[in-house]
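Asker: one predicted model, sequence on top.
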Amino acid sequence: MESQLALELVRITEAAALASAKWIGRGDKNNADDAATTALRSHFNTVPMDGTVVIGEGEMDEAPMLYIGERVGNRKGPKMDIAVDPLEGTETVAKGLNNAISVIAAAPQGSLLHAPDMYMQKLAVGPKLAGKLSLDDPLEQTLAKAALLLDRPLTDLTVSILDRDRHRSIIEVLRQSGVRIKLLGHGDVMAAIDTCADSGVDLYIGSGGAPEGVLAAAALKCMGGDIQGRLLPDSDEDIERCKRMGIADPKRLLTMDDMVGGQGVLFVATGVTSGDFLQGVRHLPGSRAETHSVVMYSETKTVRFVRSVHHLEEQAGTWAQAVSF
């Protein structure tokens, strides 16, 4: 069942990636997102599962498709929680930059946190630091502890963080500590994955979207890494939204198991634009295109890469021929 479902989900993220790739560098993030969402949704109901979207394009009546609570799949398979971002990196695609992906996480019903669309403070690390650091500690203490655990000087650590005004004070602390800083324009999910992907990044810190935090947690659970988070509601309305979604204490520390509980977690992503971990869509002669995807499974910690060639005239937007697996 895991293998069949994984291939079905890859077929879906491939379709979304192919559709949104038409908008790379065209300066139109909305049409890029719409193309990915439409392609992804049009394939979802053929998948052998009874899925419920717990992280999607918005709440019911606020999003035209893939809203939180929407049922997906053909209702003939296991009951699953679904977290989905048809295009993680809409501005990345619009500007022709790196690390845009189409991504889906699937887990047994009740496993995924229903994360509201707000900021989340995050700390993500790879296997060597998993379970050994705390988001509650001062940043200086976290950096010193990480260096000790990795048996390296602080100046040899690399920390990634989104290059945002809200992170100015954190970046200043990082500068004063002497660590290397990888400033990111976009790509919250891929930034967390980098800590487990032999990229040279040791920690990912800062605040980003809470839904992306859950997607990242699904990937890190499959890769042996760790992530912690804390929601950052900025109004009473935000706090009430959290409570309506089952989060009684919106400001408590969330562990990886809080975000993605249990086992049987699948994480699937297809590159739209190229990055260090996934290559983007590449158009080939003869109305063909090549995609590069990853499939992860928490039970076995298996990470598989799928490179596919699609014959667009015959099967537009579908999985045509896997050339390496």
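Answerer: Done, it's in.
Asker: can you classify the residue located most distally from the centre of the chain by secondary structure?
Answerer: Within the chain, the residue lying farthest from the chain centre (CA atoms, centre = their mean) is Gly286, at 32.3 Å. Secondary structure, DSSP: H, G, I helix; E, B strand; the rest coil: Gly286 is coil.
Asker: that one and Asp85, how far apart?
Answerer: Distance of Gly286 to Asp85, computed by CB to CB, to the nearest Å: 31 Å. From N, CA and C alone the C-beta is placed, and that goes for glycine too.
Asker: for Val10, same thing?
Answerer: Applying CB to CB to Val10 and Asp85 gives a distance of 15 Å.
Asker: give me every residue that touches the closest residue to Phe277 other than its chain neighbours.
Answerer: Nearest non-adjacent residue to Phe277, counting by CB to CB, 6 or more residues apart in numbering: Ala197, 5.2 Å away. By CB atoms under 8 Å, 6 or more residues apart in numbering, the residues touching Ala197 are Met223, Asp276, Phe277.
Asker: pLDDT below threshold where in the stretch 201-325 of the chain?
Answerer: Scanning the stretch 201-325 of the chain for pLDDT under 70 picks out 314-325.
Asker: ranges for the strands of it?
Answerer: For the stretch 201-325 of the chain, the strands defined by DSSP state E, counting those that start in this stretch occupy 203-209, 226-231, 266-271, 282-284, 288-297, 302-311, 321-324.
Asker: for Ile82, give me its contacts.
Answerer: By CB under 8 Å, 6+ apart, the contact set of Ile82 is Gly51, Thr52, Val53, Val54, Ile55, Gly56, Val72, Ile104, Ala105, Ala106, Leu112.
Asker: tell me which of the residues you listed is nearest to Asn31?
Answerer: Among the contacts of Ile82, Gly56 lies closest to Asn31 (CB to CB), at 18.9 Å.
Asker: hmm, back to that, and the contacts of Ala197, which are buried?
Answerer: Met223, Phe277 (16 or more other CB atoms under 10 Å).
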